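Participant: The following comprises the amino acid sequence and a computationally predicted model.
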Amino acid sequence: MLTKMLSKITECEIKKKLKEMLGDERYKHSLSVQQIARELAKIHGADEEKASLAGLVHDCAKWMSPFQFFRAAKRYGIQLSPTERKQTGILHAIIGGELAADLFGINDPEILSAIKSHTTGRSKMSLMDKILYVADYAEPLREYEGAARVRKLAYKDIDLAMLEAIEQKIQHLLEKKTWIHPNTIAVRNEILRISNAECQRVSREPPVERRNNVDISAQQLAQLAAEAALSRKANNVVILDLRGIASFTDFFVICGGNSDTHLQGIADAILEKLEEYAVELWHREGSRHDSWILLDYVDVVVHLFLREAREFYNLERLWADAHKVELPEAIIEYDEEFDELLGEWEEE
Ligand SMILES: [Fe+2]
Ligand SMILES: [Fe+2]
């Protein structure tokens, strides 16, 4: 519910009005953007209520004609640039920010800024701006190629997702041989400059055929990963079922390790185990000496934490609505070499 954000109108009334103004398809898109924006806000620590409201109303001016945009711009005292006059498709964002305030009484500057920049981006985008931009670009009803890739990235790194979305958009505009808004170029250059995103841009394509030889479900895959982790005496192994509450993956497997070497040992065991089943790893974050290793198998994401990092990120609390899946029996075969290693890990 968005009652905290709204004083003049209820969420229900906004939805009714949007449905009338935008038609069924655009209204469904708005609801989808609302949901994913809320999820992204939760993950990245932004205000969920604001992200949700921004997502819901971001296209509130989409029904207007170019002529109506020009008239509205005049009324609101907005000076349109030559690119904005040529590319009238982007005007619903600029005008939408004003209209959201007029129609729904929304006066939160973070929300209005996100609405205004959701088509072109802008220099110095806030986290809320980026969340809305990415949510709009990559919500699950988007059918174009590349949307799923942006969506996956968005749950891990909002800057990487932003960069990917902006580059896809620039590519599209180049192919159409049409104008590119200077803000779009500015935001791309800025993200390249301020982050190490370029260095991390590896292996972004999920494998087309993820499970080559065997057909196993996402839940079985999560249980195999948990089993492998338990075989290396991982602490406090938990499987969370995220189906129905998150769109970026189906299961989390969360495990703890006593030291970075122990963590690495657990990661190796999981990688080996899933390799036996011909399941390819899509993406990995963290390596030796990190307190958090993430193994992304698309439908299943494994998080390996040292104790402090686990307490800090507290994924179990963040996803408290998720159902906990029963763990497989620990299969620990006696292995002298492993027992020696474990002794070393525990001493670290
Ligand atoms: Fe839009
Ligand atoms: Fe949109």
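Facilitator: Nice, I can see it. Numbering: from 1, shown residues only. Ligands and ions are numbered 1, 2, ... in the order given.

Participant: Cross-check the contact I'm expecting between K19 and R26.
Facilitator: No - with contacts counted by C-beta atoms under 8 Å, K19 stays clear of R26, the gap being 9.1 Å. (Glycine included, C-beta is placed from N, CA and C.)

Participant: any common contacting residues for the two?
Facilitator: Residues touching both K19 and R26 (C-beta atoms under 8 Å, 6 or more residues apart in numbering): there are none.

Participant: and L294, that's in a strand?
Facilitator: Yes - following the definition DSSP: H, G, I helix; E, B strand; the rest coil, L294 is counted among the residues of a strand.

Participant: now it: how far from ligand 2?
Facilitator: 30 Å (C-beta to the ion, to the nearest Å).

Participant: okay, the residue lying closest to that residue once chain neighbours are set aside: pLDDT?
Facilitator: Leaving aside its chain neighbours, L294 sits nearest to E285 (4.3 Å; criterion: C-beta to C-beta, 6 or more residues apart in numbering). The predicted structure scores E285 at 79 on the pLDDT scale.

Participant: C-terminal to the one helix or strand in the chain whose mean pLDDT sits lowest, what's the next element?
Facilitator: Evaluated with mean pLDDT, DSSP states H and E, the helix-and-strand set of the chain has its lowest mean pLDDT in helix 197-200, which scores a mean of 46. Elements were assigned by DSSP states H and E; along the chain past helix 197-200, the next helix or strand is helix 218-231.

Participant: avg pLDDT for that following helix?
Facilitator: If you average the pLDDT over helix 218-231, you get 91.

Participant: Now do that helix and strand 292-296, the angle between them.
Facilitator: On the basis of axes from the mean of the first three to the mean of the last three C-alpha atoms, to 10 degrees, helix 218-231 is oriented at 150 degrees to strand 292-296.

Participant: Output helix 218-231 as CSV, restricted to C-alpha atoms.
Facilitator: Coordinates of each C-alpha in helix 218-231 appear next as CSV, following Å, rounded to 0.1, in the frame of the first residue of the first chain:
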residue,chain,number,x,y,z
ALA,A,218,15.5,-25.7,-10.1
GLN,A,219,14.6,-27.2,-6.7
GLN,A,220,16.7,-30.3,-7.3
LEU,A,221,19.5,-28.1,-8.5
ALA,A,222,19.3,-26.1,-5.2
GLN,A,223,19.3,-29.3,-3.2
LEU,A,224,22.4,-30.6,-5.1
ALA,A,225,24.2,-27.3,-4.3
ALA,A,226,23.1,-27.6,-0.6
GLU,A,227,24.3,-31.2,-0.5
ALA,A,228,27.6,-30.3,-1.9
ALA,A,229,28.0,-27.4,0.6
LEU,A,230,27.0,-29.8,3.5
SER,A,231,29.6,-32.3,2.3
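
Participant: Distance from the chain centre to the helix or strand following it, please.
Facilitator: Under the assignment DSSP H and E, the closest C-terminal helix or strand after helix 218-231 is strand 235-241. Computed by C-alpha atoms, centre = their mean, to the nearest Å, the chain-centroid distance of strand 235-241 equals 22 Å.

Participant: got it, and stretch 24-32?
Facilitator: From the chain centre to the centre of stretch 24-32 is a distance of 19 Å (C-alpha atoms, centre = their mean).

Participant: Is that stretch in proximity to ligand 2?
Facilitator: No - Stretch 24-32 stays clear of ligand 2 (C-beta under 5 Å from the ion), getting no nearer than 5.7 Å.

Participant: who's in contact with that stretch?
Facilitator: With C-beta under 8 Å, 6+ apart as the contact definition, stretch 24-32 has outside contacts at 15, 18-19, 22, 55-59, 62-63, 139-141.

Participant: at 10 Å what do you get?
Facilitator: Contacting residues not belonging to stretch 24-32 are listed as 14-16, 18-22, 55-60, 62-63, 135-136, 139-142, 247 [C-beta atoms under 10 Å, 6 or more residues apart in numbering].
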